[in-house]
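A.B. asks: Sequence and predicted structure below; questions after.
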Amino acid sequence: MVGPGRVVVLSGAGLSTESGIPDYRGETGRRRRGDPMTYQEFTGSAGSRRRYWARSHLGWPSISGARPNAGHRAVTRLVAAGLVSGVITQNVDGLHAAAGTPDAVELHGTLHAVVCLDCGARGSREELAGRLDAANPGFRAMSARIVADGDAELPAEHIDAFRTVACTACGSGVLKPDVVFFGEKVPLPRVERCYGLVDAASLLLVVGSSLTVMSGLRFARHAAKHGTPVAIVNQGPTRGDDLAALRLDLPLGPALTALADQLTDRLGG
């Protein structure tokens, strides 16, 4: 089903578990307790923001130190060979870009940047991490269990003592990671760009996504509705299994590497 043409890849958190980043619903995320931060909580409460930044600051090294795995590299090879014309990722870890995939659409944004909710200025998460270290000496020496998207499980007493910092551009603005929280809408131009890629595709290849969240599932439904085949490679069932012309339950790294090897060899790459 995958050959020279307009294949579009839709990737999810399962693609990054082999880089050491837990997912929400698969094998590495099944024991996660609690719920992720929502946009309404974050914007509505200074205490919620303190909780988010304390936990996220502790978990940040799991994102900043992560490296692309064999699955990411295989996708890059397929793009370079002209077999994949576009990549849409639900992940916020930046690993497609780090693997060398050009112009991957980061549907839910990136944890590597922060944005001020007051003045709109964007900045580096690494720079913010340095400022949070200065405001909270010794904080990152604590041990904690890291969960999805660089979050960490942390006792309430440590959260209460954590100090947040403001935007340096305007001096007082609230900083938010440049990601789409639960309860927040993906920017419309980004959604339209993704639909454009899917509309032009000869195949939608879903890798490492359970398609539980509608922001990803809608593209699989859109493809199937318009007669574009959907292939899914994921460990465990997905919400889009009934849409798939091909469904494989395999580890992503080895499966995508084998696919890239076979197809690039066939093309003489």
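C.D. replies: Now that the structure is in, tell me what you want to look at.

A.B. asks: Run through the helices of the stretch 51-200 of the chain in chain order.
C.D. replies: In the stretch 51-200 of the chain, the helices defined using DSSP state H, counting those that start in this stretch lie at 70-80, 95-98, 125-135, 156-160, 188-199.

A.B. asks: same for the third one, what does it pack against?
C.D. replies: To tie it back to what came earlier, the one meant is helix 125-135. With contacts defined as 3 or more CB pairs under 8 Å, 6 or more residues apart in numbering; DSSP states H and E, the packing partners of helix 125-135 are helix 46-64, strand 109-116. (C-beta placed from N, C-alpha, C; glycine too.)

A.B. asks: I'd like the ones you listed as JSON lines, with mean neighbour count and distance to Pro229 appended.
C.D. replies: Converted to JSON lines, these look like this (neighbours: other CB atoms under 10 Å; distance: least, CB to CB, whole Å):
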{"stretch": "helix 46-64", "mean neighbour count": "20", "distance to Pro229": "33"}
{"stretch": "strand 109-116", "mean neighbour count": "20", "distance to Pro229": "29"}
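
A.B. asks: Same list, these, but as TSV with mean pLDDT please.
C.D. replies: Converted to TSV, the helices and strands packed on helix 125-135 look like this (pLDDT from 0 to 100):
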stretch	mean pLDDT
helix 46-64	96
strand 109-116	98
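
A.B. asks: weakest of the helices of the stretch 51-200 of the chain by average pLDDT?
C.D. replies: Ranked by mean pLDDT, these bottom out at helix 156-160, which scores a mean of 91.

A.B. asks: okay, the helices of the stretch 51-200 of the chain in CSV with distance to Ala144 and mean neighbour count next?
C.D. replies: Below are the helices of the stretch 51-200 of the chain laid out as CSV (distance: least, CB to CB, whole Å; neighbours: other CB atoms under 10 Å):
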stretch, distance to Ala144, mean neighbour count
helix 70-80, 26, 24
helix 95-98, 22, 22
helix 125-135, 15, 15
helix 156-160, 9, 12
helix 188-199, 32, 15
